[in-house]
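Engineer: pasting the sequence and the predicted coordinates here, then a few questions.
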Amino acid sequence: MKKCDLLLKNCREVVTPLYDTARGAQAGAFSCIPNTDISITGGFIDEIGENLPREAAEEIDASSYVVLPGFIDSHTHLVYGGSREEEFILRLRGASYEEIAASGGGIKNSVHHTRSLTEEELFELALPRMEDLLAHGTTTVEVKSGYGLDTENELKMLRVIRRLRKAYPDTVIATFMGPHEIPPGETEKTYMDKVCDEMLPRVREEDLAEFADIFVEKGVFSPESAKRYFKEAARLGFKLKIHADELHPLGGAELAARFKAVSADHLMQISHQGIQALAESDTVATLLPGTSFFLMMKEYAPARSLISAGAMVALASDYNPGSNHGFNMQFIMNLAAMTLKMTPGEIINAVTVNGAHALSLSDRGRITPGKRADLLLMDIPNYKYLFYNYGINNVAKVIKNGMVILENTRGTSHMPQL
């Protein structure tokens, strides 16, 4: 009899993407396997099937759980100081995101508070956020800098992210985003000089980030600045990302495709040309419906057009203190169904394999032999509850690298008995 470290016995449903990337005719392709076992050894899945003959060091009766790959959140700003609830109230009274930013709020508000804190203080603030993410099913998360806006404070943020990477192995991906906003006293050109000539080399020297991101938007950074930034970042070995076409259609998606960026994110105002450019590239269209929802915008990214054109679509939270103070990827899935009109299969693929692709990861996102055993045991009767049962944390157990790292209790279950 074969041995394994962990055996999930008789899973109610095992729900998984069919392919490592999902686009075109495969955008919604997934499988739902009932009453099956999952064998895990050395942190990886080694076999799936009914009644697997295994001598397991640990066995879990999964007959009451739907099992999914862990969610991959490929766009967050998890490290920050302060909070911005007052701005939320201003938006309720009619102020726009741009108006708040122009009056000294927005990103500049978070920069002020983040600069005032030490590395240790920022790390202590970030730890419970990480625990909350994990508790809601996010087993891989990208975290950006961008609330420092000078060399030392950007490096400070990235060192916090490095500490998170050590505290949560194989979980945290780091992105440098010095060009998130133009700080007071700088012009776009003078600040971009510092970003390219000073910040990027220091980040590379200390090996603090894998990706480099930039916010291309009116009043922030122009496409011309992004071209310069992309060229320098690519020369230094960074993989590229871009906040593109969020509030105005400035050609950010086309720029991402041209420079072979790993992802173009937001895209609420993407042009037809931008959709075609992404469809013809390997750049992932990362959609953030939580941001449109939290900012109370009418515009959501055109998911159906992107999918129909053949673009690879991922979903992420954009968790941050200002424009989406929410990290629950289950709610992002709800929003994708209700506002982006994505199908269950498209959504499942968007928060797993396509999210992995948006982080250049190939070892996770599917429940299949050889993939990392990052799994969620969901306390739901079937996978359709992921979209129907909104606003609830359905995660019962979180498995990371083949080990149960977290268990949630909700008291008496109100789920129907099958």
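Structural biologist: Received, thanks.
Engineer: domain map for this structure?
Structural biologist: 2-69+364-407, 72-357 (automatic domain parsing).
Engineer: so how far does the longest one reach from one end to the other?
Structural biologist: Taking C-alpha to C-alpha, to the nearest Å, the span from the opening residue of domain 72-357 to its closing residue is 10 Å.
Engineer: just to revisit the earlier point, most tightly packed of the domains of the chain?
Structural biologist: Highest mean neighbour count of the domains of the chain: domain 72-357, a mean of 21 (counted as mean count of other C-beta atoms under 10 Å). (C-beta placed from N, C-alpha, C; glycine too.)
Engineer: any chance of CSV for the domains of the chain, columns mean pLDDT?
Structural biologist: Shown next, in CSV, are the domains of the chain (pLDDT from 0 to 100):
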stretch, mean pLDDT
domain 2-69+364-407, 97
domain 72-357, 96
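Engineer: what separation do you get for residue 110 and residue 128?
Structural biologist: 18 Å (C-beta to C-beta, to the nearest Å).
Engineer: likewise residue 393?
Structural biologist: Applying C-beta to C-beta to residue 393 and residue 128 gives a distance of 15 Å.
Engineer: can you give me the helices for the stretch 251-400 of the chain?
Structural biologist: Secondary structure of the stretch 251-400 of the chain (DSSP state H, counting those that start in this stretch): helices located at 252-258, 272-279, 289-294, 303-309, 329-338, 344-350, 353-357, 385-388.
Engineer: quick one, which of these is nearest to residue 101?
Structural biologist: Minimum separation from residue 101 across the helices of the stretch 251-400 of the chain (C-beta to C-beta) falls at helix 289-294, 14.2 Å.
Engineer: so what does the closest one touch, helix or strand wise?
Structural biologist: Counting contacts by 3 or more C-beta pairs under 8 Å, 6 or more residues apart in numbering; DSSP states H and E, helix 289-294 packs against helix 329-338.
Engineer: list of residues touching the helix it packs on?
Structural biologist: 71, 73, 136-138, 287, 289-290, 293, 303, 315-317, 342-344, 346-347, 350-351, 386-387, 390-395 (C-beta atoms under 8 Å, 6 or more residues apart in numbering).
Engineer: and it, C-alpha only, in PDB?
Structural biologist: Only the C-alpha atoms of helix 329-338 are listed here, as PDB (Å, rounded to 0.1, in the frame of the first residue of the first chain):
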ATOM      1  CA  MET A 329     -12.100  36.700  -2.900                       C
ATOM      2  CA  GLN A 330     -15.400  34.800  -2.400                       C
ATOM      3  CA  PHE A 331     -17.200  38.200  -2.600                       C
ATOM      4  CA  ILE A 332     -15.100  39.100  -5.700                       C
ATOM      5  CA  MET A 333     -16.400  35.900  -7.200                       C
ATOM      6  CA  ASN A 334     -20.000  37.000  -6.300                       C
ATOM      7  CA  LEU A 335     -19.400  40.400  -7.900                       C
ATOM      8  CA  ALA A 336     -17.900  38.800 -11.100                       C
ATOM      9  CA  ALA A 337     -21.100  36.700 -11.500                       C
ATOM     10  CA  MET A 338     -23.500  39.500 -10.800                       C
END
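Engineer: tell me the gap between that helix and the middle of its chain.
Structural biologist: Centroid separation between helix 329-338 and its chain, computed with C-alpha atoms, centre = their mean, to the nearest Å, is 13 Å.
Engineer: cool, stretch 123-131 as well?
Structural biologist: Relative to the centre of its chain, stretch 123-131 is centred 17 Å away, using C-alpha atoms, centre = their mean.
Engineer: same check, this time on stretch 354-374
Structural biologist: Relative to the centre of its chain, stretch 354-374 is centred 13 Å away, using C-alpha atoms, centre = their mean.
Engineer: end to end on that stretch, go ahead and measure it.
Structural biologist: End-to-end distance of stretch 354-374 (C-alpha to C-alpha): 15 Å.
Engineer: and for stretch 69-77?
Structural biologist: Start and end residues of stretch 69-77 are separated by 23 Å (C-alpha to C-alpha).
Engineer: before we move on, what about stretch 350-363?
Structural biologist: 16 Å.
Engineer: which residue sits closest to residue 397, ignoring its sequence neighbours?
Structural biologist: In this structure, residue 397 finds its nearest non-sequential neighbour in residue 377, 4.1 Å apart by C-beta to C-beta, 6 or more residues apart in numbering.
Engineer: repeat for residue 34
Structural biologist: With sequence-adjacent residues excluded and distances taken as C-beta to C-beta, 6+ apart, residue 34 is closest to residue 13, at 5.6 Å.
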